[in-house]
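Visitor: Below is the sequence, then the predicted model.
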Amino acid sequence: MTILRAAAVLAAALLTACTTTTAGHPAPAEHKPATTSKDYKEPYSLARLCELLEPEEAQQLGGSTEGEEGHSIRDGHDLCKWADETDLLVGWQANTSTANVQTGPGIMNTPTTIDGLPAVRNLSTDPITICQYLVDLPSGKLFAASVAVLTRGEGKYDPCEVASRLTNLIVPRVRNQ
């Protein structure tokens, strides 16, 4: 599978593991800052997503050193992707939780916790292997970190081990925002 096709499949899978969706465009954040500072960034803004990993951290997980801003193919939610030997994607979604994780053939869901928060490891094996961790944040948002191993990284990485490391790096950084 080409890198481009794997990235498209992974982007479609990220944040689509939930069966509850909201029609229309993504809603703005529920809260606005009290300040009007131009330097303020919403905690879950697209630019903020790409700042959640340091270049060295992304590289250690098989990703590129720079995150690429993007949107979910399915519902338009913000994503950030670091792709090299692995395809690392992170994003968030409002109005859903781990209780709505997709099930079906080729999908294995395992309840777990990340940084003391309820989470689900979602492993999908069709058409490619994608492992993602979905975490219920105290803010009511669902955080997702997803990993697929690309051709250059085959045999070097376990997608669920990388997804676990990725999620454990980021959740402490976003859990209270």
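Guide: That came in fine, so what should we check first? Residues are numbered from 1 along each chain as shown.

Visitor: Can you show me the helices along the chain?
Guide: Here the chain has its helices, by DSSP state H, at 3-13, 46-49, 55-60, 159-174.

Visitor: how about low-confidence regions in this protein?
Guide: 1-44, 177 (pLDDT under 70).

Visitor: the strands in it, which residues?
Guide: 68-71, 78-83, 86-93, 107-114, 117-124, 130-136, 142-149 (DSSP state E).

Visitor: Out of the ones you listed, which one sits most buried?
Guide: Looking across these with neighbours counted as mean count of other CB atoms under 10 Å, the highest average goes to strand 142-149: a mean of 28. Heads up, the C-betas are built off the backbone N, CA and C, glycines and all.

Visitor: Reformat the helices of the chain into TSV and put mean neighbour count next to each item.
Guide: Formatted as TSV, those follow (neighbours: other CB atoms under 10 Å):
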stretch	mean neighbour count
helix 3-13	17
helix 46-49	18
helix 55-60	15
helix 159-174	20
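
Visitor: Adding distance to Thr86, write the ones you listed out as TSV.
Guide: Shown next, in TSV, are the helices of the chain (distance: least, CB to CB, whole Å):
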stretch	distance to Thr86
helix 3-13	10
helix 46-49	17
helix 55-60	9
helix 159-174	6
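
Visitor: Is the nearest residue to Ser45 once chain neighbours are set aside bridged to anything, and to what?
Guide: Distances taken as CB to CB, 6 or more residues apart in numbering place Asp78 nearest to Ser45, at 7.3 Å, with adjacent residues excluded. Counting by DSSP bridges, Asp78 is bridged to His71.

Visitor: Please name the residues that touch Asp78.
Guide: Pro26, Tyr44, Ser45, Leu46, Leu49, Glu69, Gly70, His71, Ser72, Gly91, Trp92 (CB atoms under 8 Å, 6 or more residues apart in numbering).

Visitor: now with 7 Å?
Guide: Listed by CB atoms under 7 Å, 6 or more residues apart in numbering, the contact set of Asp78 reads Leu46, Leu49, His71, Gly91.
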